[in-house]
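Peer 1: Give me coordinates for this.
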Amino acid sequence: MTRESLVSQTFVDLADSLVSEFDVVELMVLLSERTVELTGASATGLVLMDRFNALRLVAATSDAIETVELFQIQNQEGPCRDCCLTGEVIAADLRTEQVRWPNFVPVALAAGYASVHAFPLRIRAQTFGALGVFRQPGPSPTDADIDLTRAFAHVATIALVQSKAVRDAQLVTSQLQQALESRVVIEQAKGMLAEQATIDMDEAFARLRRHARRTNSMLTDAARAVVSGSLNASMLED
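Peer 2: Coordinates of the predicted model:
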C-alpha cells in the first residue's frame, strides 16, 4: 500500500468511529502505529487524562517507549505532561532539555531517543491527552509529517467526543475511564501470554490483536478472555 493510500485508509478507519460503537484502546493503538509508519518516527506513546486529571498510558508502539512514557507519568515530568497543560511541545534535541526535564531526559536518551514532539488531543479548552512522537538520531520530520500527525490527533479527539457513547461531558469522562481500565486488562493479558508462550511483550500484544481481528471481537474482550483463562497462548496463531 502506498503512503497516500495508507493515509486515506487511516482517516477512513478513524472516521468510522464517528458513526459506530468502537474500541477506544484499539483506535488509539491504530493512531500510534500509523504515525510511526507514515512519518518515519521511531516510536509513539499516547496518554489520556483520567477523571482526576492524572495521565494514564493507553497506547505505546514498543516496550521501550512504554517504559519512557510510564516514567514521565510516574515522575510528573516530561513532554506529554507539559503538552496536556500548555499545548504542543517540541524538543528537537533532548540533550539540551536537561533544565526543563532533569529526570526524564536521561531516561529518554538512554532508550535511544534524540527528539520528541508532543501533540495535544484537545478540542477548544478541553484537553483529553497527548500523543508523544519520539525519534532516534537522524533526519528531522518534514512539515508534511508534522501536519499529518497533528491531523491524526485532531481526528482521534473528535472520535472520542462525537461517538454515540460520549455525547456529553459526563459520558466523555466515563468513556475515557473505561479505556484506561481496559488498558490494565490488556497489560495483564500481555503478561500472561508472554509467560505462557515464552515470548516478549510486543509479540504477545501482536498475537492478541491478530486474534481479536480474526474473530471480529474487541481487543479488550480478547484480553479479558485471556485473564479469565478461557483463552490462552496455545489457542492463538503465531
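Peer 1: use CA for all of it now, contacts and neighbours both
Peer 2: Will do.
Peer 1: and the residue nearest to the spatial centre of the chain, what helix or strand is that in?
Peer 2: Nearest to the mean C-alpha position of the chain, counting by Cα atoms, centre = their mean, stands Ala59 at 2.7 Å. Using DSSP states H and E, Ala59 maps to strand 55-60.
Peer 1: so what secondary structure elements neighbour that strand?
Peer 2: When contacts are defined as 3 or more Cα pairs under 8 Å, 6 or more residues apart in numbering; DSSP states H and E, strand 55-60 sits against helix 24-39, strand 43-49, helix 63-75, helix 169-197.
Peer 1: rank the ones you listed by mean pLDDT and give me the bottom one.
Peer 2: The weakest mean pLDDT among the helices and strands packed on strand 55-60 belongs to helix 169-197, with a mean of 78.
Peer 1: C-terminal to it, what's the next element?
Peer 2: Immediately after helix 169-197, counting by DSSP H and E, sits helix 201-214.
Peer 1: For that next one, name the packing helices and strands.
Peer 2: In terms of contacts (3+ Cα pairs under 8 Å, 6+ apart), helix 201-214 is packed against helix 169-197, helix 219-228.
Peer 1: I'd like to know which of these is closest to Arg150.
Peer 2: Proximity to Arg150, assessed across the helices and strands packed on helix 201-214 by Cα to Cα, is greatest for helix 169-197 (20.4 Å).
Peer 1: Next up, the contacts around the residue nearest to the centre of the chain.
Peer 2: 25, 28-29, 32, 45-47 (Cα atoms under 8 Å, 6 or more residues apart in numbering).
Peer 1: and the closest residue in space to Arg3 that isn't next to it in sequence, how many residues sit next to it?
Peer 2: In this structure, Arg3 finds its nearest non-sequential neighbour in Leu38, 6.6 Å apart by Cα to Cα, 6 or more residues apart in numbering. The tally of other residues near Leu38 (other Cα atoms under 10 Å) stands at 16.
Peer 1: Also Ala118?
Peer 2: Using other Cα under 10 Å, Ala118 is surrounded by 27 other residues.
Peer 1: same question, the one 4 residues further on
Peer 2: Other residues near Arg122 number 18, with proximity taken as other Cα under 10 Å.
Peer 1: hang on, it packs against Phe152?
Peer 2: No. Using Cα atoms under 8 Å, Arg122 is not in contact with Phe152, being 11.8 Å away.
Peer 1: so Phe134, which of the three states?
Peer 2: strand (DSSP: H, G, I helix; E, B strand; the rest coil).
Peer 1: going forward, begin numbering at 137 instead of 1
Peer 2: Renumbered: residue one is now 137, and that last one reads Phe270.
Peer 1: Mind telling me what element the closest residue to it other than its chain neighbours is part of?
Peer 2: Leaving aside its sequence neighbours, Phe270 sits nearest to Val252 (Cα to Cα, 6+ apart; 4.4 Å). Element membership for Val252, per DSSP H and E: strand 251-259.
Peer 1: ok now that strand, how far from the chain's centre?
Peer 2: 12 Å (Cα atoms, centre = their mean, to the nearest Å).
Peer 1: what do you get for stretch 235-250?
Peer 2: For stretch 235-250, the distance to the chain centre is 20 Å (Cα atoms, centre = their mean).
Peer 1: what is the mean pLDDT for it?
Peer 2: Here the average pLDDT along stretch 235-250 is 97.
Peer 1: how distant is stretch 335-342 from the center of its chain?
Peer 2: 16 Å.
Peer 1: Nice, that's everything, thank you.
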